Every structure is written in structure tokens, then in C-alpha cells.
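Asker: here is a sequence with its predicted model. Questions after.
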Amino acid sequence: MADDPSESQPEFAPRPTNPSWERVQLARHPKRPQAADYIRGLIANFQELHGDRLFGDDKSILGGMGLFDGRPIMIIGQQKGRDTKEKLLRNFGMPKPEGYRKALRLMQLAAKFRRPILTLIDTSGAYPGIDAEERGQAEAIAYNLREMSRLETPIISVVIGEGGSGGALGIGVSNRVYMLENAYYSVISPESCAAIIYRDSGKAPEAAAALKLTAPDLLAVKIIDGIIPEPPGGAHLDAEAAIEAVRETLRKALDELSALPATQLIEERYQKFREMGNFFVEAPL
């Protein structure tokens with residue numbers, strides 16, 4: 001006797017899920033809280049500082065001094081913008097050399113006065129335009145990496161959205177690196193990776209899975225130090241809850257790091273990044 005059609009398999013099987021790609025989409029959500037939102041929620045008496053003292057003021061880098069729970073702090077973030085006008089002003093969150101030089105100027109100022117530094121990472125990558133290359137984009141990022149590694153003050157970074165390649169690392173050489181639950185942090189965007197590896201940028205979801213760019217992936221290999229939970233469905237559904245989660249993580253990290261002498265802060269920062277990607281083990285004698 002033939003099977004009852006009502007008991008047969010559904011005509012359309014569910015599409016396989018890709019958690020990595022889903023998180024990339026959440027990290028890029030247009031209503032996701034941006035650096036300016038976290039600064040407003042976390043920092044009292046924020047005073048924005050401008051310019052790199054060499055070329056100009058890059059609006060994609062938003063930074064200045066303020067108070068976190070009554071404690072003086074320097075905060076620097078990559079701001080993408082909301083509407084078309086602000087996106088153009090902020091260059092879609094892609095800093096140019098003057099942006100990285102401004103960020104470093106503010107960090108050095110913070111170190112001079114022994115103020116902790118918080119950086120908020122949210123960029124698809126450093127701006128790749130000809131004008132940026134002419135003004136030394138690669139040199140500016142490389143210089144930041146060197147100088148951040150030896151600043152005599154605590155540095156904490158939080159990837160709040162996209163963490164794209166050297167554009168993210170240029171303000172991310174820190175004692176503690178955290179990621180929001182649905183952020184991503186990668187050496188290359190999934191689309192660019194797919195274009196290189198598969199010769200098809202449409203295979204970005206497959207590339208995202210291969211890149212291991214999610215917070216759990218990176219915590220497992222000690223690229224980051226912790227994951228900050230987001231509200232159910234993503235930070236864009238409850239920005240205040242996301243900001244409070246960052247506040248709690250930042251408070252604990254500052255308490256831990258503020259007790260350490262400058263020499264230990266520098267040494268731990270150095271060892272942290274020196275060990276990344278090191279999978280060699282000594283052979284038994």
C-alpha cells in the first residue's frame with residue numbers, strides 16, 4: 001500500500017545554515033550600534049579631539065577624552081555613519097593615513113598622562129584609494145603597530161562590528177581584545193577572500209566559514225580574550241543592553257590592568273601578539 005502523501009518529506013528541504021555568514025550579516029546590520037553610540041552610553045564629559053598635526057582631520061576616526069565610571073580615559077573608535085551624508089563624511093568607516101596618525105597622537109597623549117585607552121573597532125578595512133596610498137597608508141598602520149606595542153598605559157580593544165584586516169589592527173594592538181558576540185575579525189573580508197580563492201565573490205558565505213572569523217573561533221585560538229554577549233537577535237535590537245554589556249567587561253578589564261606596572265603591561269602585550277599563530281612545539285628529547 002502506498003504511503004500517505006501527507007507523511008512524505010516536505011517538497012522544499014530547509015536551506016543549510018551558515019553561522020559564520022549570518023554573523024557577518026549581523027555585524028554589518030545598518031541599525032547596529034556604532035562607536036558614537038557606545039561613546040555616548042559609556043563616557044561622561046566626552047571631549048572630542050581632532051587632527052593628526054600633519055595633514056588633516058579624518059572623520060572616520062572619532063576620539064577624545066572623557067570619564068568612564070568617574071575614571072579619566074581616552075576612547076577612540078571607527079565610525080561608519082548612519083545616513084548617506086554621514087557615511088560620506090566618515091568615509092564609510094575606512095580610515096586614511098591621517099586617521100591612524102590622529103589615533104596614535106591621541107594614544108600617546110593618553111600615555112603621557114597615564115590614562116587608559118579604549119578602542120572600538122568597526123571597519124571593513126583601511127581605505128585603499130590612491131590618495132591614501134600616496135600619503136603612506138601602509139606606513140601609518142605599521143607605525144601604529146610598533147608604537148602601540150610599547151605604550152606605558154593599559155589598552156583595551158572591543159570589536160563592535162566589522163574587524164577588517166590591517167584597518168582594524170591599526171588601533172587594535174592591546175592588552176585585552178574583546179569581541180561582541182556577533183562581530184567578526186578577519187585578515188580579509190569574505191567577499192575579497194572568495195574572489196581570490198574561488199574566483200567568485202558570490203561564494204562569500206563559504207569563505208566566511210573557512211576564515212574562522214567569528215568570536216568563538218577566535219577565542220579558541222587565543223586571538224581574542226573574551227566574548228561580550230549581545231541581546232537575543234543582535235545588538236541592533238537592544239542597543240542599551242549591548243552598551244551595558246560592554247561597560248561590565250570594560251570595568252573588569254580596567255580593574256585588572258590598572259593594578260599592573262607599565263613594564264608588565266608592555267611585556268604582556270608583546271607576548272600576547274608574539275604568540276599568535278605560533279603552533280610549534282618542542283620535540284621530546
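Answerer: The structure has been received and is ready for your questions.

Asker: show me what counts as buried in the helix or strand harbouring Thr249.
Answerer: In this structure, Thr249 sits in helix 239-258 according to DSSP states H and E. For helix 239-258, the buried set under the neighbour-count rule, 16 or more other C-beta atoms under 10 Å, comprises Ala239, Ala242, Ile243, Ala245, Val246, Arg247, Thr249, Leu250, Ala253, Leu254, Leu257. Glycine gets a C-beta too; all of them are placed from N, C-alpha and C.

Asker: then stretch 37-50?
Answerer: Those would be Asp37, Tyr38, Ile39, Leu42, Ile43, Phe46, for stretch 37-50 by 16+ other C-beta under 10 Å.

Asker: report the contact partners of the last one.
Answerer: For Phe46, the contacting residues are Ile39, Arg40, Gly64, Met65, Gly66, Ile75, taking C-beta atoms under 8 Å, 6 or more residues apart in numbering as the criterion.

Asker: pretty sure it sits in a strand.
Answerer: Yes. The assignment for Phe46 by DSSP: H, G, I helix; E, B strand; the rest coil puts it in a strand.

Asker: distance between stretch 241-250 and the chain's centre?
Answerer: In terms of C-alpha atoms, centre = their mean, to the nearest Å, the centre of stretch 241-250 is set 15 Å apart from its chain centre.

Asker: restricted to strands, list the buried residues of stretch 37-50.
Answerer: Residues from the buried residues of stretch 37-50 lying in strands, with DSSP state E as the criterion: Phe46.

Asker: can you add pLDDT and distance to Gly125 and give the buried residues of stretch 37-50 back as JSON lines?
Answerer: Formatted as JSON lines, these follow (pLDDT from 0 to 100; distance: C-beta to C-beta, whole Å):
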{"residue": "Asp37", "pLDDT": "97", "distance to Gly125": "21"}
{"residue": "Tyr38", "pLDDT": "97", "distance to Gly125": "21"}
{"residue": "Ile39", "pLDDT": "97", "distance to Gly125": "22"}
{"residue": "Leu42", "pLDDT": "97", "distance to Gly125": "25"}
{"residue": "Ile43", "pLDDT": "97", "distance to Gly125": "26"}
{"residue": "Phe46", "pLDDT": "97", "distance to Gly125": "26"}
